[in-house]
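In: Here is my input; please provide its structure:
(chains A and B)
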Amino acid sequence: MSAFPFLTVLTAIPAIGALLLLAIGDRNKNLTRWLALAFSLAALLLTLILWHRFDPTSAALQFQERYSWVPALSIEYHVAIDGLGLLMLLLSSIVVPIAMAASWKIEQRVPLYFALVLLLQSCLFGAFTALNFVHWFTFWELSLIPAFFLIKLWGGPRRTPAATQFLVYTMVGSVAMLLAFLALYLATGKFDFIELSQLAQTGQLMPAVIAKLGWHYLTPQHLALLIFAGAFLGFAVKVPLIPFHTWLPATYAEAPTGATILLTGAMSKMGLYGFLRILLPIFGAQMQAVLTPLLWLAVATVVLSAYSALAQKDLKRIFAYSSINHLGYCLLAIFAVAKFTGADPSLLTQKYAALDGVLLQMFNHGLTAATIFWFIAMLEARTGGLRGLNDFGGLRKVAPVFTGLMGIALFSSLGLPGLNGFIGEFLIFKGSFPLVTWATSLAVIGLLITAIVILGILQRVFSGPLNETWLAFPDLTTTERFMLAPAIALMFALGLYPQLVLGVVNSTVIQMVQQLKF
Amino acid sequence: MLAGTIYISFFGALALLLLPKASTTAARILALLTAIAGFAIALTAFVSHRTGELITVSHHPWVPTLGIEYHLAADGISLSLILLTGIVAITGILFSWNIDKRTKEFFAFYLLLIGAVYGVFLSYDLFLLFVFYEIVIIPKYFLIAIWGSTRREYGAMKLALYSFIGSAMVLIGIIAAYVVAGAKSMSLDALAAYPYSHHFQMAAFPLVFVGFAVLAGLWPFHTWAPTGHVAAPTAASMLLAGVVMKLGAYGCLRVAMTLFPLGLTPWGFHVLGLGSWRDVFALLAIIGIVYGALVALVQKDFKFVIGYSSVSHMGFILLGLMTLNQIGLSGAVIQMVSHGILAGLLFAVVGRMVYDRTHTRELAALGPMNLNKAIPFAAVTFVLAGMASMGLPGFSGFVAELMILVGAWHAFPVLALCAGLGIVIGIIYIWRAMQKAFFAEPAIAAVQPPMPPISLPERLGAILLIATSVAIGLYPQMLLKVIVPALNSPLFDGLRKGGWQ
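Out: Okay, here's the model as predicted:
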């Protein structure tokens, strides 16, 4: 533990940048862009310092800061990170510069755009470090405002319904979650995630709820499930889990690509983070009670979204559905981990593998999806906004470097061994298979269809006869190559040496699994 | 010293009337300085206040034969609301900087209203409280009838009639309490300490509570509120929704509930599942929350959206009062302050920033003007105010509604769920109004004369209100540390013994 308030400073940096950009105003667009990038790189640097100082052998919470805030409601300012938190911070600070680079060409209201992106980054940092429900919920909700306006003001032609749908879905989920946590607070007088999970692990949480809130016409089990459902809804919308996903394709497609990168790269991880940090430790027993329906939902998420991606013609929509698919694997593994296994040590190892896979997949998907959407942004910029699957053809002849690098990103999304996507999915399937064999087997269908989707894209966009329209399609410039290089290098690095991530999270994963005593 | 808030406002009103007719700028500045002085006094008192203390401001015999005293005192609840009054008063003047018609009379009435409001919040003698309460009605009527817009005579008259009927009920209740007690005092703590019979309290409580709650917009006695708010000029809507409605809620808590705590206890029988006046009023509060939100959802007039949203938010205050637990009650007081600030801000955006520039309040007509580009400051202010009003964390509305929900969940779990529904509808109507008024994105951009930019007084007022809301949202302890001890004071003993949980 260090005396320097690292996490507070980290959360404050982008917010200060946002205010500065707004204060400077619309004088010099390039200055604004570079300044925004500088702030996001400063945040990246600070997270790297955190990574360096983080003790990976310990599963304890590190860089903790805890102050009383509203004692009457037991609200505290409580921030700290473990391996999961650190991983998410790293991911957010990688994704934000990518989003900025992909939005370099935005010409309208530049200061506001970049200020909103930085504000969103602050909210992400806040949400990934806060450990008190109210504190965390503040950032969770505030993150909606910049996201909403990024879609609403810079989005595509049908942005208004998309932004609305996004806001309404997430807000409804949030209100349900708020009510659920109020119920927990009423029963226990606690808002702190760590204290609540300790209560849940010692089996005191739900009895307390029932003693305080027991309704004569609701059995204890039903009451507990009702509260779980409230919290679950909030996260399930965010990830999303089918059938709470319908806001996503329209939102991803209509949002400006920079915002899509943030949504898929970082904000969807807020939902998964919630599953890991909040639902699994606090509501593990309830998850177990409805495990079969949850697994069905996860399987549906994996398979149906892959099918939907197959039917789409718009590249952004394809990857919107493919995002649902990839995060579906994470949900599958999380539910599998919640399964009751007794004290069988071999199954415990499988749980470690599955959770390791989840964390890896979260990071990988953030990186890969952000990069793919970045390529789509470049395609749009070169073709005046075209991104249909059938608008192109044979691009590999005129733009070989573009094709090659985007191909790497696509193969990473497909899960080719040697690239980052493979290890995560492999660990998820390896761990989940012995735990929930039927669900994992069904989910394999999703893998197959995703492969077809990705290969279809490669074929229709890059191979085949050259579409005459694109004879003068410019290849990547040197600047673009340099900007893309770190992302692509990271894909290889993680694919060949996943220990880079696993080393950070391993102790945390072991502790998370061991705490799941039902 | 706190009594200075009342005197200085009345004195300012008088001084304004003595100014020469032409000096409108002097009138504005004088009014602003008066309001700032009142706020400064309130702030000093708030800062130097020791927790739990009841500041006796002034205590003199007035009509000794009847036991009526000139007794001003302030506890944490009064102080919070006085602070609110000061803030809203200053910003109201900033947002009425452009009033050209009979400027000095406008500000004179305005300051009279402010002074009387301070008076109500400070009175510790029921007779005195009632006098100030009645004084409030007069400037309110004239502000609307002379400077108002849409159907102003109707709005002003409806408001005045409702207020008079409410205060008549209050008066009957107070006199009955005074006579039954046979006491030689109208002092609040003397009457609150008198052990009225159970039957008497059962009858007097609903009378006085409803009398005050009319002004707080209790459903179904709320109909004056939207029409009155819409007809009023901006500063008057800000005061009406921001402060005057709080007088009603304050009266419910300070008078009805402390004098007749047994009126809240169960009847001993059930009608339609309701077992006490407490259940009845909690149900009415919930109906107000949901009904107000639903009606706001379908309004065509921008100002009516805000008008009905006030009904909905005031429902939260009444619900908080009926929870009868410390968290719900302190939540209700915070909501009084929070709604005062936010309603003021929302009316300022709609009435001053938008209406004075566009001369229409039809949402359909505002859309084509592309207001988010024409007056971006107004758009940003409305977004922030709207987010605060829908209860987004980080703003004052969240803390208040959270505490009320926690309290309500203890007391009435089913109703707490309905209140959650009200919050969801609240998100939708604010969002809808924002979308239609500021971000409609017309297919054909209407050609329009350029609008005057947002002036400095407007910016200052908006920033002051937003900053206050954020300050309370981030650090509610600021208010809680004075409110909670006040609720634990001897005045609320009866309530604590009666039904406190």
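
In: Residue B:249 is in contact with residue B:334, isn't it?
Out: No. With contact defined as C-beta atoms under 8 Å, residue B:249 and residue B:334 do not form a contacting pair (11.9 Å). C-beta: built from backbone N, CA, C; applies to glycine.

In: residue contacts, residue A:180?
Out: Neighbouring residues of residue A:180 by C-beta atoms under 8 Å, 6 or more residues apart in numbering or on different chains: A:227, A:228, A:229, A:230, A:231, A:234.

In: Let me know the distance separating the fifth one from chain B.
Out: The gap separating residue A:231 from chain B is 14 Å, by C-beta to the nearest C-beta, to the nearest Å.

In: Pretty sure that residue sits in a strand.
Out: No. Applying DSSP: H, G, I helix; E, B strand; the rest coil, one finds residue A:231 to be helix, outside a strand.

In: With adjacent residues omitted, what lies nearest to it?
Out: Counting by C-beta to C-beta, 6 or more residues apart in numbering or on different chains, residue A:180 is the residue found nearest to residue A:231 once chain neighbours are left out, at 4.2 Å.

In: quick check, that neighbour in a helix?
Out: Yes. Counting by three-state DSSP, residue A:180 is located in a helix.

In: And the pLDDT for the spatially most central residue of chain A?
Out: Per C-alpha atoms, centre = their mean, the C-alpha nearest to the average position across chain A is that of residue A:269, at 1.8 Å. At residue A:269, the model reports a pLDDT of 91.

In: if you skip the residues just before and after it, what's nearest to it?
Out: residue A:362 (5.4 Å).

In: Mind pulling up the pLDDT for the one you found?
Out: 92.

In: hang on, isn't it packed against residue A:270?
Out: No. The criterion here is C-beta under 8 Å, and residue A:362 misses it with residue A:270 at 10.5 Å.

In: gap between the residue nearest to residue A:269 and chain B?
Out: Applying C-beta to the nearest C-beta, the value for residue A:362 to chain B is 25 Å.

In: Let me see the contact set for that residue.
Out: Residue A:362 touches A:87, A:88, A:91, A:269, A:272, A:273, A:327, A:330, A:424, counting by C-beta under 8 Å, 6+ apart.

In: sec struct for the second one, please.
Out: Applying three-state DSSP to residue A:88 yields a three-state assignment of helix.

In: What about it, how many residues nearby?
Out: Residue A:88 is flanked by 28 other residues according to other C-beta atoms under 10 Å in any protein chain shown.

In: For it, give me its contacts.
Out: A:124, A:128, A:269, A:273, A:362.

In: Excluding residues flanking it in the chain, which one is nearest residue B:106?
Out: Using C-beta to C-beta, 6+ apart and skipping residues adjacent in sequence, the residue nearest residue B:106 is residue B:99, 5.2 Å away.

In: Now residue B:299: phi and psi?
Out: Main-chain dihedrals, residue B:299, degrees, to the nearest 10: phi -70, psi 150.

In: tell me the contacts of it?
Out: B:305, B:308, B:363.

In: Ok, residue B:422 next?
Out: B:286, B:289, B:290, B:293, B:312, B:315, B:316 are the contacts of residue B:422 under C-beta under 8 Å, 6+ apart.
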